[in-house]
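Novice: Sharing a sequence plus its predicted fold:
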Amino acid sequence: MYTIELMDNKSEIIRYNVPHMPIKVSASRQEDYPSLSVVNHWHNDFEFIYVCRGTMWYSVNGEPCPLEEGQMIFVNSGQMHYAFWDKPCNCEFQCTIFHPSIATHESTQEQMDYILHNSPPYLILHPEVLSEKELIDLVLELYRSAQKQEGAYALQLYSCIYRICYRLWEKMQNVVNPWEPNDSKQLEGNA
């Protein structure tokens, strides 16, 4: 069974697993959670959940979001969230977490602030939408590199993180209507 350590304010104590970098990657299955739920929590990190197999639900700030195989959810910094299932199932998923500070420098401060403060609480990313597939692929590349930790992996990780943040920032520039919960497809340029 997988457990999450929490502070009194329900913020997760994240045990980063990449040396000298605020990055954590992990793989889980629904069967790791006999209660059919992860504890509700928050953290200042960006979180990406990729559904490798099966289906699952994700609650962000109390809103349930269905996730299907091949989809990914981006949970912005500071949002209450947790995974859950209606019934036991054969679901496998990957979690990639990194702290926004890793990409925040004097030259990127404005763009990172925009992502942190002007982006929706979450985005569901669909593999059939080209711009969203590109973002999914970047997060999966980050996951694989963080898992392997071979060669100049730190450079690869930084490269992935900056490209992920750029794609998030770019996606937020195309918002044509106020954000509607549970729908990232209202963004322009998704084809």
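Specialist: Good, I have the coordinates.
Novice: ok, longest helix in the chain?
Specialist: helix 153-173 (DSSP state H).
Novice: Now do that helix: everything it contacts.
Specialist: 18, 20-21, 23, 74, 98, 100, 102-103, 108, 111-112, 114-115, 118-119, 123, 131, 134-135, 138-139, 141-142, 145-146, 187 (C-beta atoms under 8 Å, 6 or more residues apart in numbering). In this view, the C-beta of every residue, glycine as well, is placed from N, C-alpha and C.
Novice: which ones among the residues you listed are found in helices?
Specialist: 111-112, 114-115, 118, 131, 134-135, 138-139, 141-142, 145-146.
Novice: Report the lowest-confidence entry in those.
Specialist: Of all the ones in helices among the contacts of helix 153-173, residue 118 has the smallest pLDDT value, namely 85.
Novice: Just list the residues touching residue 110, thanks.
Specialist: With C-beta under 8 Å, 6+ apart, residue 110 has no contacts at all.
Novice: 728 is where my numbering starts, stick with that
Specialist: Got it, the first residue is 728 from now on, which makes the last one we talked about residue 837.
Novice: Please report the distance of residue 878 from residue 732.
Specialist: 32 Å (C-beta to C-beta, to the nearest Å).
Novice: Number of residues surrounding residue 746?
Specialist: When neighbours are counted by other C-beta atoms under 10 Å, residue 746 registers 9.
Novice: go on, the one 10 residues further on?
Specialist: Using other C-beta under 10 Å, the number of residues around residue 756 comes to 15.
Novice: Strands along the protein, start to end?
Specialist: Assigned by DSSP state E, the strands in the chain fall at 750-756, 773-780, 783-787, 790-794, 799-802, 808-811, 819-825, 849-852.
Novice: got those strands as TSV, with mean pLDDT columns?
Specialist: Shown next, in TSV, are these (pLDDT from 0 to 100):
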stretch	mean pLDDT
strand 750-756	96
strand 773-780	98
strand 783-787	97
strand 790-794	97
strand 799-802	98
strand 808-811	97
strand 819-825	98
strand 849-852	96
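Novice: between the ones you listed, which gets nearest to residue 740?
Specialist: Comparison of the strands of the chain against residue 740 by C-beta to C-beta identifies strand 750-756 as nearest, at 11.1 Å.
Novice: Just the residues contacting that closest one, thanks.
Specialist: 729, 741-745, 772, 779, 817-826, 829, 869-870, 873-874, 884, 888.
Novice: could you measure the residue nearest the centre of the chain against residue 849, distance?
Specialist: In the chain, the C-alpha nearest the mean C-alpha coordinate belongs to residue 775, at 1.5 Å (C-alpha atoms, centre = their mean). Distance from residue 775 to residue 849, counting by C-beta to C-beta: 10 Å.
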